[in-house]
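>>> Here's a sequence, model it:
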Amino acid sequence: MSIVKIVHHDEVIYTILDKPPPEPPKTPRYESQLEKQLKEMKIPQLRRTFGYAETPLKVPDQFLKKGEGLGQPMKKSDHKCIASGSLPPVPKCPPPGKKPEKPKTNFRVLNIKKVIKTKPLLVEPRLVDTRDGHTKKIKGSGEVPEFCLRKDFGQMPEYLVKRNRRIQKELDKIRYAEENKESLCKLINEEERLELLKDLKYNWQLLQKAFLQLPILTDTIPKIHRKTKMEQELKQLEKDIALVESNPYIYIYE
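Residues are numbered from 1 along each chain as shown. All right, here's what the predicted structure looks like:
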């Protein structure tokens, strides 16, 4: 067994291993040109703060003057009224004249006339029901018969009278309709009977033609149903034709 001792060498372990592949370059971030224009056009606004750390003092000549207190100061206007031409004269006050005399009224006489014409208040009848003098009004107490003395006592109320009238009108309408009721049975004339017979025969011819055009072989259920249905319709039409031909007088119900 032989041992090889290498003392001097220039190998490095980091150069032996393969280096990882370099990362691909990132795509540049999208920047809108409009955003740059907006930032350039944007007007800087004042920032709101909590105020000054120390309140700045005013200039000495800006002291509080008369009329500049808490009240609203008067707005100064630069408007000047320029008169063009001659203005009309200022109207003068009318000369002082005598005041119109007020009519002299005798209020004593008026009050006496009003008192004479006024009617005295009617005394409300009362009832004393105890020895201590307890009183109560007779009206509404039930001591005097009031309800039986009314004009409408014992008469039917107005709402019941109107209701009975409405019911009676409806009954009269029903009775009149029943008396003048037309008969639902109507006799058709000969022309209408012949026209009906003609239409029935025409329908039978159309149905007979369609029945003859059916396939001879009925191997499916829909074909069987269709053929059976057409046979029933033909039989019914034949019965109707025979009934109209055998009966000269035919009545119909509307």
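>>> How is this structure partitioned into domains?
If you go by automatic domain parsing, the domain ranges for the chain are 124-181, 185-253.
>>> Any chance of CSV for those domains, columns mean neighbour count?
All C-beta atoms are positioned from the backbone trio N, CA, C, and that covers glycine. Below are the domains of the chain laid out as CSV (neighbours: other C-beta atoms under 10 Å):
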stretch, mean neighbour count
domain 124-181, 10
domain 185-253, 12
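>>> For those domains, give me JSON lines that also has mean pLDDT.
Rendered in JSON lines, the data for the domains of the chain read as follows (pLDDT from 0 to 100):
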{"stretch": "domain 124-181", "mean pLDDT": "87"}
{"stretch": "domain 185-253", "mean pLDDT": "89"}
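>>> between these, which gets nearest to Tyr14?
domain 185-253 (89.6 Å; C-beta to C-beta).
>>> So what would you say the end-to-end distance of the closest one is?
5 Å (C-alpha to C-alpha, to the nearest Å).
>>> Show me how far that domain is from its chain's centre.
Averaging C-alpha coordinates over domain 185-253 and over its chain gives two centres that are 57 Å apart (C-alpha atoms, centre = their mean, to the nearest Å).
>>> Same check on stretch 246-254?
The chain centre lies 57 Å from the centre of stretch 246-254; the measure is C-alpha atoms, centre = their mean.
>>> How about stretch 118-138?
Per C-alpha atoms, centre = their mean, the displacement of stretch 118-138 from the mean C-alpha position of its chain is 58 Å.
>>> picking that back up, same list, the domains of the chain, but as TSV with distance to Leu38 please.
Rendered in TSV, the data for these read as follows (distance: least, C-beta to C-beta, whole Å):
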stretch	distance to Leu38
domain 124-181	80
domain 185-253	76
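>>> Pro56 is nearest to which of those?
Ranking the domains of the chain by distance to Pro56, with C-beta to C-beta as the measure, places domain 124-181 first at 84.6 Å.
>>> For Glu170, give its distance to Ile82.
According to C-beta to C-beta, to the nearest Å, Glu170 and Ile82 sit 88 Å apart.
>>> likewise Leu149?
90 Å.
>>> cool, Ala210 as well?
Ala210 is 107 Å from Ile82, where distance means C-beta to C-beta.
>>> Can you give me the end-to-end span of stretch 112-126?
With C-alpha to C-alpha applied, stretch 112-126 spans 32 Å between its terminal residues.
>>> what's the offset of that stretch from the middle of its chain?
Taking C-alpha atoms, centre = their mean, one finds stretch 112-126 lying 58 Å from the centre of the chain it belongs to.
>>> can you pull out the strands in this protein?
If you assign secondary structure with DSSP state E, the strands in the chain sit at 126-128, 135-137, 185-187, 251-253.
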